[in-house]
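# sequence and predicted structure, then a few things I'm wondering about:
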Amino acid sequence: MKIRDEELLARLRALGSKARGGAPPTTPAVPSAAGAEDAVSLLGLPEQELTPSVRAALRHLIEEVADLRHELAVTQTRLAELERLADEDSLAPIRNRRAFLRDLARTIAHVERYGTPFSLLYFDVNGLKEINDRFGHAAGDAALLHVAEILTAHTRSSDVVGRLGGDEFGVLLALADEAAALKKAHWLATAVAGADFRWEGVSIAMSMAYGAYCLTPREDAQVALAAADRAMYRQKRCRQPPA
């Protein structure tokens, strides 16, 4: 006994409603309306039971599902870009403070679970106010971008670089105890001091104070950041590189 057109169309409408509701497709995609015949098996129907009206409805449904999939892909791409922008610093392509603190909390959880050493580096750019006063805030922003680029270029993909606000930067250093972290912090500060930074043809000397703190399990991210900040201020007062 043949299935009536009304029943076939009801099945098509049900599939269309499911697609519009955002449910993931459970059948292979049909590349175009010309492939409508290939979709007959999706409804469990023999070829001879497809009347012209049902065939036309099926083609329409295939086109609609293709459009929905395209819209979903575009939306997902836009959401990914918005998430990236929400985590990125306003001056440089590195983490902002909020995103850095989130990564710091995740790193502390990793330390607790696996016992692997991670350290937090804290940097403060010296003399930024003088650069702003002498050359303008555009020069100060360029100086911060210069520092961010050096930190990013000389750390690993497993490390995290962020700007904590103003002239302060943080680095999450993977697989490094405090001694190794101090040496790395000193090396990065030396790299910044040795790099040529120019603004409108004028060479501007750059330097950074730094501190390092080895993360411990079950530690609050803000507490760890404050400890690294204190270590930076101790180094800033002493101005002595690690042995």
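Looks like it came in fine.
# all helices for the protein, in order.
5-20, 40-43, 52-87, 97-114, 128-135, 137-153, 178-194, 221-238 (DSSP state H).
# who are the packing partners of the longest one?
Translated: helix 52-87. helix 5-20, helix 97-114 (3 or more CB pairs under 8 Å, 6 or more residues apart in numbering; DSSP states H and E). Glycine gets a C-beta too; all of them are placed from N, C-alpha and C.
# rank these by pLDDT, which is bottom?
The stretch with the lowest mean pLDDT among those is helix 5-20, at a mean of 63.
# quick check: Glu112 vs Thr216, distance?
9 Å (CB to CB, to the nearest Å).
# over to Arg234?
19 Å.
# cool, and Arg230?
Look at Arg230 and Thr216: by CB to CB, they are 15 Å apart.
# got it, and Ile150?
Taking CB to CB, one finds Ile150 at 29 Å from Thr216.
# hey, which helix or strand in this structure has the poorest pLDDT?
Counting by mean pLDDT, DSSP states H and E, the chain has its least confident helix or strand at helix 40-43, which shows a mean of 53.
# Val147 reaches Val171, doesn't it?
No: counting by CB atoms under 8 Å, Val147 stays clear of Val171, with 11.3 Å between them.
# low-confidence stretches in this protein?
Counting by pLDDT under 70, the chain contains low-confidence ranges at 1-50, 79-85, 240-243.
# re earlier: comparing Ile150 and Thr216, which shows the higher neighbour count?
Ile150 (21 against 14; other CB atoms under 10 Å).
# for that one, what are its contacts?
Leu188, Ala191, Val192, Ala195 (CB atoms under 8 Å, 6 or more residues apart in numbering).
# and if we set it to 7 Å?
Residues near Ile150 by CB atoms under 7 Å, 6 or more residues apart in numbering: Ala191, Val192, Ala195.
# neighbours around the last one, how many?
Read it as Ala195. The burial count for Ala195: 13, using other CB under 10 Å.
# for it, which non-adjacent residue is closest in space?
Ile150 (5.8 Å; CB to CB, 6 or more residues apart in numbering).
# tell me how far the one you found lies from Arg106.
Ile150 is 25 Å from Arg106, by CB to CB.
# for Glu219, same thing?
For Glu219, the distance to Arg106 - CB to CB - is 13 Å.
# okay, those two: which has more neighbours?
Shown here are Glu219 and Arg106; by other CB under 10 Å, Glu219 has more neighbours (17 against 13).
# so how many other residues sit close to the residue lying closest to that one once chain neighbours are set aside?
The spatial neighbour of Glu219 that comes closest, neighbours along the chain excluded (CB to CB, 6+ apart), is Ile108 at 5.3 Å. For Ile108, the count of nearby residues is 22 (other CB under 10 Å).
# ok, Val54 next?
23.
# ok, now Ile131?
Neighbours around Ile131, by other CB under 10 Å: 24.
# how about the contacts made by it?
For Ile131, counting by CB under 7 Å, 6+ apart, the contacting residues are Ala139, Gly140, Ala143, Ile204.
# out of these, which two sit at the greatest distance?
Farthest pair in these (CB to CB) is Gly140 and Ile204. Separation: 10.1 Å.
# from Asn96, how far off is the residue nearest to Glu219?
Distance from Ile108 to Asn96, by CB to CB: 19 Å.
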